[in-house]
Each structure stands twice: as structure tokens, then as C-alpha cells.
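[1] what follows is a protein structure lacking sequence information:
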Ligand code: FES
Ligand code: FES
């Protein structure tokens, strides 16, 4: 196997003036070199740092790296566009601005007893999965095998097939295990094209793994935002208008995730006006990152709501209850199920702790409690398929070409098949991760894996069960449809039981093959997920240090399949959100547009020492309208409300309004000064 | 050179500058050791050298030729492995070998570590999936 290294633009905006590959081609161990013109993934113009220019494959990674160093590039530097507001002014946008309006926004403002406005900002964040983007490509005849760390083997298959003009099934994509994605690995990406082309030219398998530094530049990011938002309400808290302008720093590509989504969907409000801009800048392109848009938008909206509550002198939880949406706020469709009120009810005792928490404040450490709620998709959908085969030993094998990105999908699928077949979990095996050894399965993104795949697996297992029971009914001379499977046995209503193997044993080499497909989502209904988080913080008003002491989370995602894995998803989301809130930020050189935080000591991920007490609860009520399973996804919801809950707790503790992420000590101290100033001049506390 | 890994002696030819992680993964095929940053910042590549945790990505293989290296493959039967599974202390699992290797050194030195001691000893092992509460529980209950 060969190893690849890539020469990339060190500039945010530049053009190759001259390129000399001669020394690189002759370097020890080099087997293939690609330059612009050889492959679409290489270019002579760089519109962002990290743009690939040359790729080298050599016998070892060290040799590839050394050869890459020998590539001589003469760059002509160009002026980079880095300021998102300037980009909007100049019309440098990815896509058109997205405008949304319902009701009469101006009328809503005029009707209000209180109007609050604020500008919130969020930073650029890197996914930093511990396994960087990587693949091994190997040609077999006219077909290509791609071993890859991905969230979507079928997407990679299609991307790579298109890049090489191959029929899709000539590309086999294998991902049995992978080291985290969080949205950054939803497709193939140029690096796979490079590896495949290097493999084609060298006739050898090629491994291309991004280094951590490459990952922190080009691995995708959650785009920064500037959000100017307004909320207006009657004295009783009824929202009369919500509005916002959202400027999203997308970089040179990507797409405009819905930052206005929470404002449009979370609370009932008749009059809403939003506009979103995707600023096209000379920076690396964004990629989906765990609830893209909604994480950023919920931060602004839920902080703004607390500001409004303060202005109105209302309890923040009560304010949210008073604006509870009973039908979809955008189109009036009924929800397939919604347990947000129940989430509020269960959050109540945790919210009530604020009196006691505040009372533990002293002169230096101020304590407080804040909450925020959350809405997100997560209903999944068709198409997705699964097969279940049962052998003569009565064991079941679930086969589907999905991938498990660490969310425990394998286990959940085994549980679903085991339940349907009435056998023990240990007797079910799940085979995933190979596009040529299983039917099409959904992407592991958008909190859709379980709600998309689970119903298909359940249907396949039910199909297998039906076939087993048909044989049993014939053999034991029972009427059709009278027998069932339970506890590893075939059960008759009169109490007679037979071991499952008594029927499957007849198969010898034969197998029962069950097939299942994911059905549609309920027509005319809105399928969404909901939740509430309550944060308790202590703020040192002298140093600006914030300690999050406890987070309570309650989420409604329909039926919970694996409570252990579900808790892990909630904790993991909250911990990632803690990083977003306090320590993580990609910093760019403000003049050159190059990334300064390329390593894991510069880009600060949360560690085990940063974790607060986390208390999780799930409503766990099946969504009766949704598929044969009643489950929605949980990968994304928990990361959404955390930052706002924490900021609202800081406000509760100190009166300080923090408006940008990450929340640093400087930010806290400045906000405290402002709060004191407001108090001195006697302005309203909001 | 000679390298002793998990009690087994290996002969290998390594150019100067080869890291222990590369030697383990690419020369010996012990791919349980993961490389995530390659520059000593994340702990994913942790192995034991004479019982003490070392970052194999920034350890030159020639510096350990007369010492005993233990990788995750050598800890297959360690009760921590079961504890991690029982407590759901892994999601994607990429950080897990390093976590278990670090934890094994901790519980060897201190079989009943407190929560603070766990947090102190494990703070050098990053987990992007955020399994930390479960890791803490697994280490607290490793002998159960
Ligand atoms: S890979 Fe060695 S510390 Fe990160
Ligand atoms: S389990 Fe994924 S990085 Fe730790």
C-alpha cells in the first residue's frame, strides 16, 4: 500500500505562478504525482487556505511527505475577502439570500408592549473527529474499492462513481467502523478522488489520511454567524413579532443551513420575518455540523427570549409555556407527536432549584439557573432497506448497508430484530458497512439513522417471523395467524409452546429471508423532536470564570430503543456543546485569512475535567403516527439548547448579558461592567 | 532493532526518526493503537512503556528498544475492557484504546481512584464523542 501527501495552498487567496515537480518526482519511494489538470480535485487557483495543488503517493507516509516538501510552488498572492458583512454588501454569496415572512411583522411590532433587540455572534467551530478524514482506494479490474471513514457509504459510492464516470455499483464502499463524523463526513470529498487517481496511476492501493492540521483547515466547520434579532410581546408574554437578519460566514462553498429555523419553528408567533445570507469568503467551506443552523439559531433565540422575559418581568419558563405551539408554526400541520409541554413539566423541579442555587451565592461567586428549549427534525424517512436471514440454528442476521458512526446503531438494530423475532439479543448479529453486501441504507446524519433504518429492520424481521410462523402453522396444524414468537419459542394461544429451532431446524441449509423497507412518514403531519435543558452555573465576578455545575436535559424523541445509548448521545451532545460554549473557536488571521488554530492544543476540545454533573431524562413515549417503530433520532437534539441555557444561567446569576460565543472571561467581565452601568443609570434590567 | 511488545520480541528494521506508533501499526500490524493528531496533543496513541503511559506518536521507536511496550492488544483480558463496554464508555471508539491504556496505568497505581484522581489522570485523553461521564464510571467500577 502506498501513502499519499498533499501540497496545499498556504494562502487564503492566491494563484500558482510556477510549479516545479521535478525534484518531487525523483524523491525516494515516490510512485505517482498529480498536478492541476491531472485531477479535478487539484487547482491552480486557491480561493481558501488548504486548497489542494499537488498530490504525491510514495511507499511510506514519511517519503510522501518529504516529496511533497520538494514540490516548488511560486504563488501570486491575491486579496482575500474575509469580512462577512462586506461580502453581503458586495453580493459575494453562496446561493440567494433566503427570506421568510408570515403574518405582518410591522403590525406585530406595533401591537407589542415590549420589544427587545440584540446582536448575537457565534464562532467558527471545527468538528475534529478523533479520526481524521481518511480512505484507502484500491482498483480491482475496472472496479474501485474504497475503504473510508464516512457517515454515508452510498453517498461516497455515488460521488466517486460520478468523478470517474463509473456505473455506481463498480464502486464498492466499505466502512465497518469509523472514528466520528458529526456531519463532516457526509460525502466523499476531493481527497478521495485524489487517492483513487493516485491508485489508478500507480496500480497500487493508496491510503490518504488528512493530518490533524489539514483536518483543522479543510475538514469542514460549523460556520460563524452574526444574528441581529428582535422579539416583541404583549405584557402577558404573548409573542407578537419575531424577526432576524442572519449572516452566515460559509467560506468558499457549502450551503446555507437554517439559522432562522428555530425562530420560525420553536415558539408560536403569528408575525415572523427572517432573512439569511450565506457570505462567500476566502475561507474553507462549512460542512454540516450536528444540527447545523439550529445550534447557532437557538443560541440567539433562546437568549433573546430570556431578555424579553426580564423586560416583561415574567418567568422565562412561563413565557415559553405561554407561547406554546399546538400546531406547526409554519404551515399549521398537526405534529405527529409533541411532548414539549411534558418536557417543561419535568424540567420544572430543576428550574425551581434556582432559588436555592442563587442563595448559595457569595460576594465573589454568583450562582444562577437558566433554561432553553429545543426543536429539530429527526423523523428520518424512506428509502431504506434491510434483510433479515434466519438459519437452521434459529439465529438471525440483519444485513443492511448502513454505517455505525458510533451512535450504537448496530445494537439498536439488533434489539429491534430480537424483539420482533422474540429471541435473545445475543442471537442476533448485525452486518453493516459494505455497499456491495447489503441493500441501500440511509445516511447517518440529521438524526435519521434510527428512525430511517429501525422501521426497515423491524419490517424485515416481521417478514421473517411471518414466514417462520406459516411453516409452524402448517406443521403443527394450527389456523393461519394464530401462532406467535416469544422468548425464543413458538407460542400458541392455548399455551402450547415449541422451541423455535423445531421449525428452523427443518431448514437444514435453507434460510428464511425477510425483507423490509422503510415506509413513508405520516402524510400531512410535521415530525419534529423537542427538548429542554436547565443549566446551573457559578460565576466568579472578579475573574470572569464560569463553572457549569449541573445540566438537566429532558428530550422527546418518541420511543427510546436503547436507554444506555440514548443517555450517551445526550451526554455527548451536551459535552460537545460545552466546548462550543467555552473553549472551542477556530481563529483566523484577520488579514491573511489563514487558520491559526491548526492543532489540538490550539483548538481546545473539552476534556474529562470539564464535565459537569449531567442528569438526563427521556419522555420515551412512542410517536403513534410515525412508522412501525415510533422512534425519532437523538443524535442532534441534545447539542442544541445547551449554550443558551448556560448563558441564561449566567444572566440569572449576575445580570450580565453575554452575546457571543465562545464565552470567555473577557466577555463575562465586559458584560458585568455593562450590567453594572445599566444599573447605575437606572435603565431597565434587560 | 528489537522491540518487545505485549511480551513478544520482534525484530524490525526501522529508519531513524520512525515513531513507536508507526512501528506498531505499520511494521507490526498492531493497529489497535490509534493516531489522531500525531503531535502529542490527544492521547489516542497512548501505550505503556515499562508500565508508564507514553504517547507513541511522539516516541521514537529506537528509544524503547530495551523496554517493555504494552498496547491495547496486550490488555485484551483487562477487566477495564468489560467495564468500558458495560458502562457504554465508547461511542465511535477511536479514543478508546488510548483511554483504556491510560486507565490501566491509573488503576495499577491506584485501584480505587476518586473522581478527582480519575479526572486528573485522564485529562490528557481527548474524546470528541464526549463519553467522559461513562469513562469515569467505568474506571470507578472497573472491578465490579
Ligand atoms: S496521536 Fe499521539 S497524542 Fe495524538
Ligand atoms: S468514543 Fe469517539 S472519540 Fe471517544
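    In hand now; what should we look at? Values in this document were obtained by computation on a predicted structure and should not be read as measured data. Ligands and ions are numbered 1, 2, ... in the order given.
[2] in contact with residue A:41, which residues?
    Neighbour list for residue A:41: A:52, A:55, A:190-191, A:193-194, A:197 [criterion: CB atoms under 8 Å, 6 or more residues apart in numbering or on different chains]. In this view, the C-beta of every residue, glycine as well, is placed from N, C-alpha and C.
[3] in helices, which of those fall?
    A:190-191, A:193-194, A:197 (DSSP state H).
[4] I'd say residue B:88 and residue A:565 touch.
    Yes - with contacts counted by CB atoms under 8 Å, residue B:88 reaches residue A:565, the gap being 6.4 Å.
[5] mind listing the shared neighbours of those two?
    With CB under 8 Å, 6+ apart, residue B:88 and residue A:565 have common neighbours residue A:408.
[6] pull out the buried positions in the helix or strand of chain A with the lowest mean pLDDT.
    The weakest-scoring helix or strand in chain A, judged by mean pLDDT, DSSP states H and E, is helix A:665-681 (a mean of 93). Residues A:667-668, A:671-672, A:675 are the ones in helix A:665-681 that count as buried (16 or more other CB atoms under 10 Å in any protein chain shown).
[7] show me what it is packed against.
    Under the contact criterion of 3 or more CB pairs under 8 Å, 6 or more residues apart in numbering or on different chains; DSSP states H and E, helix A:665-681 touches helix A:642-654.
[8] could you give the angle of the helix it packs on to helix A:665-681?
    Per axes from the mean of the first three to the mean of the last three CA atoms, to 10 degrees, the angle that helix A:642-654 makes with helix A:665-681 is 40 degrees.
[9] right, is helix A:642-654 up against chain B?
    No - Helix A:642-654 stays clear of chain B (CB under 8 Å from any CB of the partner chain), getting no nearer than 11.3 Å.
[10] same deal with stretch A:288-301?
    No - applying CB under 8 Å from any CB, one finds stretch A:288-301 separated from chain B by no less than 10.9 Å.
[11] nearest to ligand 1 among the contacts of residue A:41?
    residue A:191 (19.4 Å; CB to the nearest ligand atom).
[12] contact partners for that closest one?
    A:6, A:41, A:52, A:133, A:135, A:208, A:210.
[13] now the first one: phi and psi?
    Which is residue A:6. When read as degrees, to the nearest 10, the backbone of residue A:6 gives phi -120, psi 130.
[14] residue A:342 against residue A:556, yeah?
    Yes - the criterion here is CB under 8 Å, and residue A:342 meets it with residue A:556 at 7.0 Å.
[15] identify the contacts common to these two.
    A:619, A:621.
[16] with neighbour numbers in mind, choose between those two.
    residue A:556 (26 against 15; other CB atoms under 10 Å in any protein chain shown).
[17] what residues are up against that one?
    A:337-340, A:342-343, A:529-531, A:618-619, A:621.
[18] out of the residues you listed, which is nearest to residue A:108?
    residue A:340 (22.7 Å; CB to CB).
[19] specify the beta-bridge partners of the closest residue to the closest one other than its chain neighbours.
    Spatial nearest neighbour of residue A:340, chain neighbours left out: residue A:530 (4.0 Å); criterion: CB to CB, 6 or more residues apart in numbering or on different chains. Beta bridges link residue A:530 to residue A:375, residue A:556, judged by DSSP bridges.
[20] surely residue A:441 is in contact with residue A:154?
    Yes - with contact defined as CB under 8 Å, residue A:441 reaches residue A:154; the gap is 7.1 Å.
[21] show me which residues of chain B sit near ligand 2.
    Contacts of chain B with ligand 2, taken as CB under 6 Å from any ligand atom, map to B:90-96, B:127-129, B:131.
[22] redo that, cut-off 8 Å
    B:44, B:90-96, B:99, B:126-131 (CB under 8 Å from any ligand atom).
[23] next helix or strand past whichever strand or helix holds residue A:117?
    Following DSSP states H and E, one finds residue A:117 within strand A:114-122. Next in sequence after strand A:114-122, counting helices and strands by DSSP H and E, comes strand A:125-126.
[24] tell me if that next one is near ligand 2.
    No - Strand A:125-126 stays clear of ligand 2 (CB under 8 Å from any ligand atom), getting no nearer than 14.2 Å.
[25] mind checking the SS state of residue B:74?
    helix (DSSP: H, G, I helix; E, B strand; the rest coil).
[26] excluding chain neighbours, what is closest to it?
    residue B:6 (3.2 Å).
[27] next up, the contacts around that neighbour.
    B:69-71, B:73-74.
[28] show me what the longest helix seen in chain B is packed up against.
    When chain B is scanned for its longest helix (criterion: DSSP H), the result is helix B:96-109. With contacts taken as 3+ CB pairs under 8 Å, 6+ apart, helix B:96-109 sits against strand B:46-49, strand B:52-55, helix B:79-86, helix B:115-122, helix B:132-140.
[29] list the contacts of that helix.
    B:32-34, B:42-48, B:51-53, B:70-72, B:75, B:78, B:80-81, B:84, B:89-90, B:113, B:117-118, B:121-122, B:124-125, B:127, B:135, B:138-139, B:142.
[30] from the chain's centre, how far out does that helix sit?
    Remark: helix B:96-109 is offset 6 Å from the chain centroid, using CA atoms, centre = their mean, to the nearest Å.
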